[in-house]
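**Q** Next comes the sequence, and after it the predicted model I'd like to discuss.
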Amino acid sequence: MSIQNVRLEVMQLLEKDVNTFVDDYLIPVEKIWQPTDLLPDTQSEGFFDDVKELREIAKDLPYDFWVVMVGDTITEEALPTYESWLMDVEGINQVEEGGNGWSKWIRSWTGEENRHGDVLNKYLYLSGRVNMREVEMTTQHLINDGFDIGTGRDPYKNFVYTSFQELATYVSHSRVSQLAKKYGDNKLSKTCRLIAGDEMRHHQAYSEFINRIFQVDPSEMMLAFQYMMKQKIVMPAHFLRESGQHIGQAFEQFSDSAQRIGVYTANDYVDILRKLIEKWQIDKISGLTAEAEKARDFLMKLPDRMARISERLVIPEESYIFKWVTPALVK
């Protein structure tokens with residue numbers, strides 16, 4: 001049987017538990033927080049006073065913080081790209097008989113993720129600290145440009161990517177929450193903390209998918225894990241650009257800002273890899289082919305190798321001036 005057919009069989013096996021995955025890792029629409037729960041109430045008599053307070057507190061947030069907030073928002077708002085990509089993965093069918101169980105998972109996951117960009121965009125708009133037209137153009141560019149995360153249509157590789165990426169976004173939003181609290185913006189801190197909570201649940205789901213696959217197809221899963229880490233996990237916004245720029249031109253400067261204020265660093269990348277290796281207990285998996293054994297050896301040694309490389313990274317001290325954020329409007 002071909003590798004592709006085995007993967008389809010495994011996806012069909014896991015699909016039987018999709019409803020359980022939805023119940024265990026996602027929250028019903030009527031019970032989960034919505035963006036308006038965290039923003040000034042437009043129907044309230046105190047709406048304008050609440051907006052004024054939001055804008056006053058926002059004045060104390062520094063330049064790199066706003067750059068990271070904008071980059072995180074744009075990344076979240078490019079959700080149409082991520083949903084369309086995942087709907088094309090082998091074993092996920094959104095057409096026949098109204099779609100299979102996996103398409104239900106993707107739609108439900110997308111519904112939760114959609115709230116993140118929504119609430120962050122509204123916060124940026126109300127803050128008055130950023131050039132929203134430039135932000136909107138960058139978002140449209142990012143959706144237009146799509147992305148290539150190196151997974152192809154392979155479900156194993158895609159689930160490695162989402163397991164890693166959901167944990168990375170958890171780290172990023174958690175750190176932004178901590179910084180917002182430090183600068184006195186408790187409401188924004190709460191918002192980012194709640195977003196981080198969603199990301200952690202989603203990480204737990206995708207990493208459970210991988211765990212299940214390791215149980216039934218360990219060698220191919222190990223090889224897929226090695227493949228993704230060998231080529232490195234790229235961020236969803238790796239094609240980030242400002243208006244008038246080429247594809248990907250702004251991503252490095254955005255990453256520098258995130259590293260400079262400790263929101264997401266090269267060390268975090270290594271820590272996430274260590275966590276995945278530990279979570280999936282790849283050192284204890286048996287019944288591997290010779291090729292998969294070599295893949296495991298590579299993965300077990302990789303964190304220490306990457307840690308040594310990360311120690312040599314030099315981050316520019318000066319902030320790049322983005323069109324999104326006017327320095328005169330922030331500290």
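**A** Now that the structure is in, tell me what you want to look at. Numbering: from 1, shown residues only.

**Q** Tell me where the model's unsure across the stretch 201-331 of the chain.
**A** Within the stretch 201-331 of the chain, the segments meeting pLDDT under 70 span 328-331.

**Q** 50 instead?
**A** Residues of the stretch 201-331 of the chain meeting the criterion pLDDT under 50: none.

**Q** what sits up against the helix or strand harbouring Val10?
**A** Following DSSP states H and E, one finds Val10 within helix 3-15. Here helix 3-15 makes contact (Cβ atoms under 8 Å, 6 or more residues apart in numbering) with 1, 90-92, 100-102, 154-156, 209, 212-213, 216-217, 220. C-beta here means a position set from N, CA and C on the backbone, and glycine is covered the same way.

**Q** List the buried residues in the helix ranked longest in the chain.
**A** If you go by DSSP state H, the chain has its longest helix at helix 186-216. Neighbour counts over helix 186-216 (16 or more other Cβ atoms under 10 Å) mark 187-210, 212-214 as buried.

**Q** angle of it against helix 3-15?
**A** 120 degrees (axes from the mean of the first three to the mean of the last three Cα atoms, to 10 degrees).

**Q** Give the phi and psi angles for Val325, as a check.
**A** Torsion angles at Val325 (phi, psi; degrees, to the nearest 10) stand at phi -130, psi 120.

**Q** Isn't it up against Met132?
**A** No. With contact defined as Cβ atoms under 8 Å, Val325 does not reach Met132; the gap is 10.9 Å.

**Q** rewinding a little: return the set of buried residues in the helix holding Val10.
**A** Neighbour counts over helix 3-15 (16+ other Cβ under 10 Å) mark 7, 10-11, 14-15 as buried.

**Q** Packing partners of the helix or strand containing Leu276?
**A** Assigning secondary structure by DSSP H and E places Leu276 in helix 266-279. For helix 266-279, the packing partners by 3 or more Cβ pairs under 8 Å, 6 or more residues apart in numbering; DSSP states H and E come out as helix 155-182, helix 186-216, helix 290-310.

**Q** So for the residue of the chain positioned farthest from its centre, what's the pLDDT?
**A** The centre of the chain is farthest from one residue, Glu45, which by Cα atoms, centre = their mean lies 36.6 Å away. Looking at Glu45, its pLDDT reads 97.

**Q** Which helix or which strand is home to it?
**A** Short version, using DSSP H and E: Glu45 is in no helix or strand.

**Q** From the contacts of helix 3-15, keep the buried residues only.
**A** In the contacts of helix 3-15, the ones that pass as buried (16+ other Cβ under 10 Å) are 90-92, 100-102, 154-156, 209, 212-213, 217, 220.

**Q** Tell me the helix or strand right after the helix or strand containing Gly117.
**A** In this structure, Gly117 sits in helix 101-127 according to DSSP H and E. Beyond helix 101-127 in the direction of the C-terminus, DSSP H and E gives the next helix or strand as helix 132-145.

**Q** buried stuff in that following helix?
**A** 134-139, 141-143, 145.

**Q** Go through these and name the one nearest Trp109.
**A** Of all the buried residues of helix 132-145, Ile143 has the smallest distance to Trp109: 18.0 Å, by Cβ to Cβ.

**Q** Appreciated, that's everything.
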